[in-house]
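Chemist: sequence unknown, structure follows:
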Ligand code: PMP
C-alpha cells in the first residue's frame with residue numbers, strides 16, 4: 001500500500017466534479033495514481049483492471065510509449081499554432097490518415113476537442129449545408145430516445161436521456177425523437193445483433209411526415225447506443241434509417257464517438273454494418289483518450305457544397321481555438337500508428353466470440369435480466385430494486401472497484417468496453433471478478 005496522504009490533497013471541495021454525486025464521492029473518494037496497459041493503480045497502491053477503457057476511449061491501453069513520446073516531442077517543438085487562417089503540417093497529415101480509414105466517399109474531416117463538440121459541429125454543419133444548397137427551410141433535427149450525444153446544447157437537445165435534459169428548460173426547438181431500439185422481451189440475451197425490431201426505423205417515416213419532410217435537416221443516432229446501456233441495433237435497422245433519409249433528402253449522422261476506432265471490430269461501425277452516413281462524429285479513441293480531440297467526417301458532396309460558394313468567403317463560420325491542435329494531432333498520428341501496427345482496429349472482431357461466450361456465462365448470476373454484446377462491448381442488465389432504480393448496479397460498481405475491476409454503470413445496467421489490447425486471460429480475469437461481484441448479494 002502506498003501513502004495516499006502524500007498524493008491526495010486534504011481539501012477536495014474546490015473541484016466540482018462532472019456527472020458525479022460530489023457529496024457522496026468526497027466522503028469516500030476513488031482516485032487513480034497511474035496506469036499501464038490494461039491496469040490502473042489507485043492512490044493507495046491497489047491494481048484495478050480497466051474493464052471500460054477509461055470512458056470508452058483508451059482503446060490501445062494506457063501509457064503507450066509511442067503516444068507518450070509523440071506528445072512529449074511535439075510539446076517541445078511546436079506547442080500551439082493558431083487554428084484559423086493558419087495551420088501546421090501534422091493536422092493535415094492526420095486528416096489524410098483518418099480519411100483512409102473512413103467509409104468510401106467520406107474524404108474530409110473537421111477537428112473539434114470532444115465528442116460533444118463533434119456532435120454540435122455536425123448538427124450545425126447539417127443546418128448550414130441545407131442553407132448552402134438553398135434549402136434553409138430544413139431546420140428540424142431528429143434524435144432518438146435513449147440517445148447520448150454529449151452535453152452541449154445541440155447534443156443535449158437531440159439526446160434522449162430524460163435526466164440529462166430536465167434541468168435545462170426548452171433546449172433547442174424544432175427537435176423530435178424516434179423510439180429507441182431496445183426490445184427487452186423479444187431480444188433478451190441476444191448474442192450480437194438482435195433479430196427483432198428493424199421496423200422501429202419506420203417511426204422516422206411517421207415523424208418526418210408529421211413535420212413535413214422538406215423541413216427536416218438531419219437525423220442523428222449512435223450506431224450502437226453506448227452510454228444508455230449498450231443497445232445493439234436490430235438487424236437491418238440502420239439500413240432502413242438510411243433508406244428513409246435518402247427518400248426525403250435528410251442527412252443521416254452517425255455518432256461514432258464510442259464505436260469509432262475499432263470498438264466493434266472495424267475502424268468505424270458504419271463499415272461494420274455496411275451503412276454509410278452523411279456525417280460521422282468521433283472523439284475518444286482518436287487520440288486513445290489521452291489528449292482531448294474530436295473529428296467530424298463528412299461525405300464529399302457536403303464538403304464540396306461549402307467549397308463551391310463565392311471564393312472570398314470563409315466557407316463555414318465555425319471552429320475552435322484548439323481545432324487540430326499540434327499536440328493533439330501528434331497524439332492522433334501516434335495513436336493511429338499504434339492501432340495499425342497492432343491490428344487493433346479489427347481485433348475486436350477476432351476476440352468477439354470469446355468475449356461473447358464469457359460474458360453470456362454470467363446469465364445465471366442473481367438478478368441478471370439481460371445480456372447484450374457486439375465487438376468488444378458488453379452489457380449486463382440487472383433487475384432494479386423497487387423504488388431504487390440505480391442502486392443494484394452502482395453497488396456492483398463499488399464492489400468491483402474494491403475487488404480490482406473497473407466497470408461502468410448506467411441505471412441498472414453494467415457496461416463493459418475494455419481496451420482492445422485485452423488478452424484472453426485478462427478477459428477471464430475480468431469475468432471471474434465480475435462473477436464474484438454478482439454472486440455477492442448486490
Ligand atoms: N457522443 C457519444 C455517443 C458519446 O458516447 C459521448 C461520450 N460518452 C459523447 C458524444 C460526448 O463526448 P465528450 O464527453 O467527449 O464530449
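Modeler: The structure has been received and is ready for your questions. Quick caveat, the model's predicted, so the values are computed rather than measured. Numbers count the residues shown, from 1 in each chain.

Chemist: do you know the pLDDT at residue 1?
Modeler: Looking at residue 1, its pLDDT stands at 57.

Chemist: quick one: terminal-to-terminal distance for stretch 245-255?
Modeler: 16 Å (Cα to Cα, to the nearest Å).

Chemist: residues of the stretch 151-300 of the chain that sit close to the ligand?
Modeler: Within the stretch 151-300 of the chain, the residues that sit near the ligand (Cβ under 6 Å from any ligand atom) are 222, 226, 227, 255, 257, 258, 283. (Glycine included, C-beta is placed from N, CA and C.)

Chemist: show me which of those residues are buried.
Modeler: Buried subset of these (neighbour count, 16 or more other Cβ atoms under 10 Å): 222, 226, 227, 255, 257, 258, 283.

Chemist: so which of these belong to strands?
Modeler: Per DSSP state E, strands hold the following members of those: residue 255.

Chemist: residue contacts, residue 139?
Modeler: 127, 174, 215, 217 (Cβ atoms under 8 Å, 6 or more residues apart in numbering).

Chemist: find the nearest non-adjacent residue to residue 75, please.
Modeler: Spatially, and ignoring its direct neighbours in sequence, residue 75 is nearest to residue 327 (5.6 Å; Cβ to Cβ, 6 or more residues apart in numbering).

Chemist: ok so the one you found is a helix residue?
Modeler: Yes: Residue 327 sits within a helix when classified using DSSP: H, G, I helix; E, B strand; the rest coil.

Chemist: quick check: it touching residue 290?
Modeler: No: with contact defined as Cβ atoms under 8 Å, residue 327 does not reach residue 290; the gap is 9.8 Å.

Chemist: for whichever residue of the chain sits closest to the ligand, which residues are in contact?
Modeler: When scored by Cβ to the nearest ligand atom, the chain has residue 115 as its residue closest to the ligand, at 2.2 Å. Going by Cβ under 8 Å, 6+ apart, residue 115 touches 149, 150, 255, 257, 281, 282, 283, 284, 294.

Chemist: how close does the fourth one get to residue 118?
Modeler: This means residue 257. Per Cβ to Cβ, to the nearest Å, residue 257 is found 7 Å from residue 118.

Chemist: okay, and the common contacts of the two?
Modeler: Common contact partners of residue 257 and residue 118 (Cβ under 8 Å, 6+ apart): 150, 281, 282, 283, 294.

Chemist: in three-state terms, label the residue nearest to the second one when sequence neighbours are not counted for me.
Modeler: Distances taken as Cβ to Cβ, 6+ apart put residue 118 closest to residue 281, at 3.8 Å, once the chain neighbours are dropped. State at residue 118, reduced to three classes by three-state DSSP: helix.

Chemist: count of residues packed around residue 118?
Modeler: A total of 34 residues lie near residue 118 under the criterion other Cβ atoms under 10 Å.

Chemist: and what of residue 395?
Modeler: Other residues lying near residue 395 total 18 when counted by other Cβ under 10 Å.

Chemist: does it touch residue 442 like I think?
Modeler: Yes: at 4.9 Å, residue 395 and residue 442 qualify as touching, with contact defined as Cβ under 8 Å.

Chemist: overlap of the contact sets of those two?
Modeler: Counting by Cβ under 8 Å, 6+ apart, residue 395 and residue 442 have no common neighbour.

Chemist: now for residue 327 and residue 290: what residues contact both?
Modeler: Overlap of the contact sets of residue 327 and residue 290 (by Cβ under 8 Å, 6+ apart) consists of residue 71.

Chemist: phi first, then psi, for residue 288.
Modeler: Dihedral angles of residue 288 (phi, psi; degrees, to the nearest 10) stand at phi 60, psi 20.

Chemist: how near is it to residue 25?
Modeler: For residue 288 relative to residue 25 (Cβ to Cβ), the value is 26 Å.

Chemist: with neighbour numbers in mind, choose between those two.
Modeler: Legend: neighbour count by other Cβ under 10 Å for residue 288 and residue 25, higher for residue 288 (29 against 13).

Chemist: and the more buried one, how far is that from residue 66?
Modeler: Remark: distance between residue 288 and residue 66 (Cβ to Cβ) = 10 Å.

Chemist: got any residues that touch both of those two?
Modeler: Shared contacts of residue 288 and residue 66 (Cβ under 8 Å, 6+ apart): residue 338.

Chemist: shouldn't residue 143 be within a helix?
Modeler: No: Residue 143 sits outside any helix when classified using three-state DSSP, being strand.

Chemist: quick one: contacts for the residue lying closest to it once chain neighbours are set aside?
Modeler: Spatial nearest neighbour of residue 143, excluding adjacent residues (Cβ to Cβ, 6+ apart): residue 158 at 3.2 Å. Listed by Cβ under 8 Å, 6+ apart, the contact set of residue 158 reads 119, 123, 141, 142, 143, 147, 149, 172, 175, 177, 220.

Chemist: kindly report the same for residue 250.
Modeler: Taking Cβ under 8 Å, 6+ apart as the contact definition, residue 250 lies against 138, 142, 208, 213, 216, 217, 218, 219, 244.

Chemist: number of nearby residues for residue 152?
Modeler: Using other Cβ under 10 Å, residue 152 has 18 other residues around it.

Chemist: other SSEs contacting whichever strand or helix holds residue 370?
Modeler: For residue 370, the enclosing helix or strand under DSSP states H and E is strand 368-374. When contacts are defined as 3 or more Cβ pairs under 8 Å, 6 or more residues apart in numbering; DSSP states H and E, strand 368-374 packs onto helix 184-187, helix 344-360, strand 377-382.

Chemist: tell me the SS of residue 93?
Modeler: For residue 93, the assignment made with three-state DSSP gives helix.

Chemist: that one: neighbouring residues, count only.
Modeler: Other residues within reach of residue 93 by the criterion other Cβ under 10 Å amount to 14.

Chemist: list the buried residues of stretch 30-37.
Modeler: Neighbour counts over stretch 30-37 (16+ other Cβ under 10 Å) mark 32, 33, 35, 37 as buried.

Chemist: could I get the contacting residues of the residue nearest to the third one when sequence neighbours are not counted?
Modeler: I take that to be residue 35. Spatial nearest neighbour of residue 35, excluding adjacent residues (Cβ to Cβ, 6+ apart): residue 62 at 3.6 Å. Taking Cβ under 8 Å, 6+ apart as the criterion, residue 62 is in contact with 35, 36, 37, 38, 39, 40, 50, 54, 419.
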